[in-house]
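Participant: structure for this input, please:
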Amino acid sequence: MKTPVLKGIWALLCLLFAALPVSAGAASADFANWAAVVVAGDFHAHDGGPTEAFDNARRDVTRSLIGAGFSPGNIQQFSVRPERYPGEKLLPSQPSVIAGSLEHLARQAKDGCLLYFSSHGAPEGIVLNDKLFSPAGLSRMVDDICGQRPTVVILSACFSGVFIPSLRDANRVILTAARPDRTSFGCTQNDKYPYYDDCIISSFPKAPNFFALASAARACVSAREIKEGASPPSEPQLSVGSGIGPYLPFYSFAKQ
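Facilitator: Numbers count the residues shown, from 1 in each chain. Predicted structure coming up:
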(Lines give C-alpha, C1' and ligand atoms only; values in the text may rest on other atoms or scores of the structure.)
Protein backbone atom coordinates (compact mmCIF):
# COMPACT_ATOMS: atom_id res chain seq x y z
CA MET A 1 0.00 0.00 0.00
CA LYS A 2 1.30 3.44 -0.90
CA THR A 3 1.77 5.91 1.96
CA PRO A 4 0.31 9.44 1.54
CA VAL A 5 3.81 10.74 0.82
CA LEU A 6 4.44 8.12 -1.87
CA LYS A 7 1.01 8.78 -3.36
CA GLY A 8 1.88 12.47 -3.56
CA ILE A 9 5.21 11.78 -5.25
CA TRP A 10 3.56 9.37 -7.69
CA ALA A 11 0.90 11.89 -8.57
CA LEU A 12 3.52 14.58 -9.14
CA LEU A 13 5.53 12.29 -11.43
CA CYS A 14 2.41 11.44 -13.43
CA LEU A 15 1.66 15.13 -13.88
CA LEU A 16 5.24 15.84 -15.00
CA PHE A 17 5.27 13.06 -17.56
CA ALA A 18 1.81 13.97 -18.79
CA ALA A 19 3.08 17.50 -19.41
CA LEU A 20 5.86 16.29 -21.73
CA PRO A 21 5.25 17.08 -25.39
CA VAL A 22 4.45 14.17 -27.68
CA SER A 23 7.71 14.70 -29.59
CA ALA A 24 9.76 14.25 -26.42
CA GLY A 25 7.97 10.99 -25.67
CA ALA A 26 8.65 9.76 -29.19
CA ALA A 27 12.29 10.73 -28.94
CA SER A 28 12.78 8.63 -25.83
CA ALA A 29 12.35 5.57 -28.08
CA ASP A 30 14.60 6.39 -31.05
CA PHE A 31 15.24 8.69 -34.01
CA ALA A 32 13.69 6.41 -36.62
CA ASN A 33 11.07 9.00 -37.58
CA TRP A 34 13.48 11.94 -37.98
CA ALA A 35 14.39 13.43 -41.37
CA ALA A 36 18.14 13.88 -41.86
CA VAL A 37 20.45 15.35 -44.50
CA VAL A 38 24.24 14.92 -44.42
CA VAL A 39 26.21 17.22 -46.71
CA ALA A 40 29.81 17.29 -47.95
CA GLY A 41 30.15 20.83 -49.26
CA ASP A 42 33.58 20.78 -50.92
CA PHE A 43 36.37 18.48 -52.12
CA HIS A 44 39.32 20.88 -51.91
CA ALA A 45 41.95 20.82 -49.20
CA HIS A 46 43.05 24.14 -47.72
CA ASP A 47 45.93 24.26 -50.24
CA GLY A 48 43.53 23.85 -53.17
CA GLY A 49 44.35 20.22 -53.93
CA PRO A 50 41.74 17.44 -53.77
CA THR A 51 40.76 15.79 -50.49
CA GLU A 52 38.39 13.00 -49.53
CA ALA A 53 38.04 14.38 -45.98
CA PHE A 54 34.58 15.93 -46.38
CA ASP A 55 33.11 12.96 -48.24
CA ASN A 56 34.67 10.54 -45.76
CA ALA A 57 32.97 12.52 -43.00
CA ARG A 58 29.66 12.57 -44.86
CA ARG A 59 29.72 8.81 -45.34
CA ASP A 60 30.80 7.88 -41.82
CA VAL A 61 28.62 10.44 -40.01
CA THR A 62 25.70 8.80 -41.82
CA ARG A 63 26.81 5.41 -40.54
CA SER A 64 27.01 6.87 -37.02
CA LEU A 65 23.49 8.28 -37.30
CA ILE A 66 22.15 4.91 -38.39
CA GLY A 67 23.95 3.32 -35.45
CA ALA A 68 22.31 5.90 -33.16
CA GLY A 69 18.84 4.94 -34.37
CA PHE A 70 18.14 7.03 -37.47
CA SER A 71 16.42 5.16 -40.29
CA PRO A 72 18.48 4.79 -43.49
CA GLY A 73 15.34 5.51 -45.52
CA ASN A 74 14.99 8.92 -43.86
CA ILE A 75 18.58 10.06 -44.52
CA GLN A 76 19.83 11.68 -47.72
CA GLN A 77 23.51 12.33 -48.41
CA PHE A 78 24.96 15.06 -50.64
CA SER A 79 28.32 15.51 -52.34
CA VAL A 80 29.98 18.03 -54.62
CA ARG A 81 31.09 15.05 -56.73
CA PRO A 82 28.21 12.55 -56.52
CA GLU A 83 29.33 10.83 -59.73
CA ARG A 84 32.53 9.79 -57.93
CA TYR A 85 30.52 7.53 -55.60
CA PRO A 86 28.06 5.76 -57.93
CA GLY A 87 26.93 3.18 -55.40
CA GLU A 88 25.92 5.66 -52.69
CA LYS A 89 22.82 7.33 -54.26
CA LEU A 90 24.09 10.84 -53.58
CA LEU A 91 22.56 14.14 -54.63
CA PRO A 92 24.55 17.29 -55.53
CA SER A 93 25.41 19.70 -52.73
CA GLN A 94 23.24 22.61 -53.85
CA PRO A 95 20.95 24.55 -51.48
CA SER A 96 17.82 24.09 -53.62
CA VAL A 97 18.42 20.35 -53.95
CA ILE A 98 19.11 19.99 -50.22
CA ALA A 99 15.94 21.93 -49.37
CA GLY A 100 13.81 19.86 -51.76
CA SER A 101 15.15 16.59 -50.37
CA LEU A 102 14.72 17.69 -46.75
CA GLU A 103 11.15 18.76 -47.48
CA HIS A 104 10.41 15.37 -49.02
CA LEU A 105 11.95 13.52 -46.07
CA ALA A 106 10.15 15.73 -43.54
CA ARG A 107 6.78 14.77 -45.04
CA GLN A 108 7.45 11.09 -44.34
CA ALA A 109 9.47 11.43 -41.12
CA LYS A 110 7.66 13.91 -38.89
CA ASP A 111 9.24 13.64 -35.44
CA GLY A 112 12.27 15.89 -36.00
CA CYS A 113 15.00 17.18 -38.32
CA LEU A 114 18.77 16.81 -38.42
CA LEU A 115 21.10 18.69 -40.75
CA TYR A 116 24.84 17.96 -40.86
CA PHE A 117 27.31 19.92 -43.00
CA SER A 118 31.04 19.28 -43.43
CA SER A 119 32.94 21.80 -45.54
CA HIS A 120 35.15 24.86 -45.55
CA GLY A 121 33.76 28.01 -43.97
CA ALA A 122 34.18 31.76 -43.87
CA PRO A 123 32.78 34.54 -41.66
CA GLU A 124 30.00 34.91 -44.26
CA GLY A 125 28.91 31.25 -44.31
CA ILE A 126 29.74 27.69 -45.29
CA VAL A 127 31.04 26.55 -48.68
CA LEU A 128 28.58 24.62 -50.85
CA ASN A 129 29.87 23.79 -54.31
CA ASP A 130 32.24 26.80 -54.53
CA LYS A 131 29.61 29.22 -53.23
CA LEU A 132 28.91 30.46 -49.70
CA PHE A 133 25.65 29.38 -48.08
CA SER A 134 24.77 32.10 -45.58
CA PRO A 135 23.43 31.75 -42.05
CA ALA A 136 20.26 33.55 -43.18
CA GLY A 137 19.79 31.09 -46.04
CA LEU A 138 20.18 28.03 -43.81
CA SER A 139 17.89 29.57 -41.20
CA ARG A 140 15.16 30.10 -43.82
CA MET A 141 15.51 26.49 -44.95
CA VAL A 142 15.12 25.17 -41.41
CA ASP A 143 12.26 27.56 -40.59
CA ASP A 144 10.31 26.69 -43.73
CA ILE A 145 10.73 22.92 -43.61
CA CYS A 146 11.26 21.91 -39.98
CA GLY A 147 9.24 24.65 -38.27
CA GLN A 148 8.72 23.88 -34.61
CA ARG A 149 9.85 20.26 -34.76
CA PRO A 150 12.84 19.32 -32.61
CA THR A 151 15.82 20.12 -34.82
CA VAL A 152 19.56 19.46 -34.56
CA VAL A 153 22.00 21.32 -36.82
CA ILE A 154 25.69 20.32 -36.85
CA LEU A 155 28.15 22.46 -38.79
CA SER A 156 31.73 21.32 -39.25
CA ALA A 157 33.55 24.26 -40.83
CA CYS A 158 35.80 27.19 -40.04
CA PHE A 159 33.97 30.13 -38.45
CA SER A 160 30.80 28.01 -38.18
CA GLY A 161 29.81 29.70 -34.93
CA VAL A 162 28.53 32.55 -37.13
CA PHE A 163 25.43 30.43 -37.80
CA ILE A 164 24.23 30.30 -34.22
CA PRO A 165 22.55 33.74 -33.94
CA SER A 166 20.46 33.16 -37.08
CA LEU A 167 19.61 29.52 -36.35
CA ARG A 168 18.99 29.79 -32.62
CA ASP A 169 15.42 28.92 -31.55
CA ALA A 170 13.64 27.29 -28.64
CA ASN A 171 13.33 23.92 -30.41
CA ARG A 172 16.89 23.71 -31.77
CA VAL A 173 20.22 22.22 -30.78
CA ILE A 174 23.17 23.65 -32.74
CA LEU A 175 26.70 22.25 -32.70
CA THR A 176 29.51 24.05 -34.52
CA ALA A 177 33.15 23.15 -35.06
CA ALA A 178 34.45 26.61 -34.19
CA ARG A 179 33.76 30.01 -32.71
CA PRO A 180 32.52 32.65 -35.14
CA ASP A 181 36.00 34.17 -35.23
CA ARG A 182 38.10 30.98 -35.33
CA THR A 183 39.15 28.42 -37.92
CA SER A 184 38.83 24.68 -37.45
CA PHE A 185 41.45 22.14 -38.52
CA GLY A 186 42.03 18.91 -40.44
CA CYS A 187 41.35 19.84 -44.07
CA THR A 188 44.62 18.78 -45.71
CA GLN A 189 44.92 16.31 -48.57
CA ASN A 190 46.17 13.72 -46.08
CA ASP A 191 43.46 14.03 -43.42
CA LYS A 192 40.85 11.27 -43.35
CA TYR A 193 38.37 13.68 -41.74
CA PRO A 194 38.42 17.25 -40.44
CA TYR A 195 39.21 17.17 -36.73
CA TYR A 196 35.66 18.00 -35.64
CA ASP A 197 34.05 15.32 -37.83
CA ASP A 198 36.59 12.80 -36.60
CA CYS A 199 35.68 13.63 -33.01
CA ILE A 200 31.94 13.47 -33.70
CA ILE A 201 32.31 10.06 -35.34
CA SER A 202 34.54 8.65 -32.60
CA SER A 203 32.29 10.04 -29.83
CA PHE A 204 28.96 8.73 -31.17
CA PRO A 205 29.26 5.15 -29.84
CA LYS A 206 29.91 6.37 -26.28
CA ALA A 207 27.51 9.35 -26.14
CA PRO A 208 23.92 8.83 -24.88
CA ASN A 209 22.51 12.00 -26.49
CA PHE A 210 23.43 15.15 -28.40
CA PHE A 211 24.44 17.12 -25.31
CA ALA A 212 26.95 14.42 -24.37
CA LEU A 213 28.07 14.17 -28.00
CA ALA A 214 28.82 17.90 -28.15
CA SER A 215 30.77 17.78 -24.87
CA ALA A 216 32.79 14.73 -25.90
CA ALA A 217 33.56 16.17 -29.35
CA ARG A 218 34.70 19.48 -27.85
CA ALA A 219 37.08 17.71 -25.45
CA CYS A 220 38.34 15.49 -28.27
CA VAL A 221 39.02 18.47 -30.56
CA SER A 222 40.86 20.31 -27.81
CA ALA A 223 43.10 17.31 -27.14
CA ARG A 224 43.79 16.84 -30.86
CA GLU A 225 44.66 20.50 -31.39
CA ILE A 226 47.06 20.46 -28.45
CA LYS A 227 48.69 17.28 -29.75
CA GLU A 228 49.08 18.68 -33.27
CA GLY A 229 50.07 22.18 -32.15
CA ALA A 230 47.07 23.70 -33.96
CA SER A 231 46.47 27.24 -32.75
CA PRO A 232 44.51 29.28 -31.85
CA PRO A 233 42.03 26.69 -30.54
CA SER A 234 38.82 26.41 -32.57
CA GLU A 235 36.57 26.14 -29.46
CA PRO A 236 33.54 24.22 -30.78
CA GLN A 237 30.22 25.76 -29.77
CA LEU A 238 26.89 24.41 -28.51
CA SER A 239 23.54 26.19 -28.43
CA VAL A 240 20.54 24.51 -26.79
CA GLY A 241 17.11 26.11 -27.11
CA SER A 242 15.05 26.79 -24.02
CA GLY A 243 12.19 24.60 -25.23
CA ILE A 244 14.22 21.53 -26.08
CA GLY A 245 16.83 21.78 -23.32
CA PRO A 246 14.75 20.21 -20.51
CA TYR A 247 13.88 17.26 -22.75
CA LEU A 248 17.30 16.69 -24.29
CA PRO A 249 18.04 13.63 -22.07
CA PHE A 250 14.94 11.98 -23.56
CA TYR A 251 16.43 12.18 -27.06
CA SER A 252 18.54 9.12 -26.50
CA PHE A 253 20.73 7.33 -29.02
CA ALA A 254 20.31 3.63 -29.64
CA LYS A 255 22.92 1.53 -27.85
CA GLN A 256 25.70 0.60 -30.24
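
Participant: helix/strand/coil for Val127?
Facilitator: When classified by DSSP: H, G, I helix; E, B strand; the rest coil, Val127 comes out as strand.

Participant: ok, it - contacts?
Facilitator: By CB atoms under 8 Å, 6 or more residues apart in numbering, the contact list for Val127 reads 41-42, 119-121, 133, 157. Bear in mind the C-beta positions are built from the backbone N, C-alpha and C, glycine included.

Participant: so for Arg168, what's the pLDDT?
Facilitator: In this model, Arg168 is scored at 97, pLDDT.

Participant: list the buried residues in the longest helix belonging to the chain.
Facilitator: Determined from DSSP state H, the single longest helix within the chain is helix 210-228. Using 16 or more other CB atoms under 10 Å as the test for burial, helix 210-228 gives 210-214, 216-218, 220-222, 224-225.

Participant: same check, this time on stretch 229-248
Facilitator: Those would be 230, 234-241, 244, 247-248, for stretch 229-248 by 16+ other CB under 10 Å.

Participant: starting at the chain centroid, how far to it?
Facilitator: Offset of stretch 229-248 from its chain centre (CA atoms, centre = their mean, to the nearest Å): 11 Å.

Participant: now do stretch 45-64
Facilitator: Remark: stretch 45-64 is offset 15 Å from the chain centroid, using CA atoms, centre = their mean.

Participant: neighbouring contacts of that stretch?
Facilitator: Applying CB under 8 Å, 6+ apart, the contact partners of stretch 45-64 are 38-44, 75, 77-81, 84-85, 88, 116, 118-120, 156, 186-189, 191-194, 197-198, 200-201, 204-205.

Participant: restricted to strands, list those residues.
Facilitator: 38-40, 75, 77-79, 116, 118, 156 (DSSP state E).

Participant: dump the contacts of Val127 to TSV, plus distance to Arg172.
Facilitator: TSV is the format used below for the contacts of Val127 (distance: CB to CB, whole Å):
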residue	distance to Arg172
Gly41	20
Asp42	25
Ser119	20
His120	23
Gly121	19
Phe133	17
Ala157	18
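
Participant: pLDDT below threshold where in the protein?
Facilitator: 1-29, 256 (pLDDT under 70).

Participant: for Phe117, see how far away Val221 is.
Facilitator: Distance, Val221 to Phe117, using CB to CB, to the nearest Å: 17 Å.

Participant: before we move on, what about Phe211?
Facilitator: In this view, Phe211 and Phe117 are 20 Å apart by CB to CB.

Participant: got it, and Ser139?
Facilitator: Per CB to CB, Ser139 is found 13 Å from Phe117.

Participant: higher neighbour count, those two?
Facilitator: Each of Ser139 and Phe117 has its neighbours counted (other CB atoms under 10 Å); Phe117 has more, 30 against 18.
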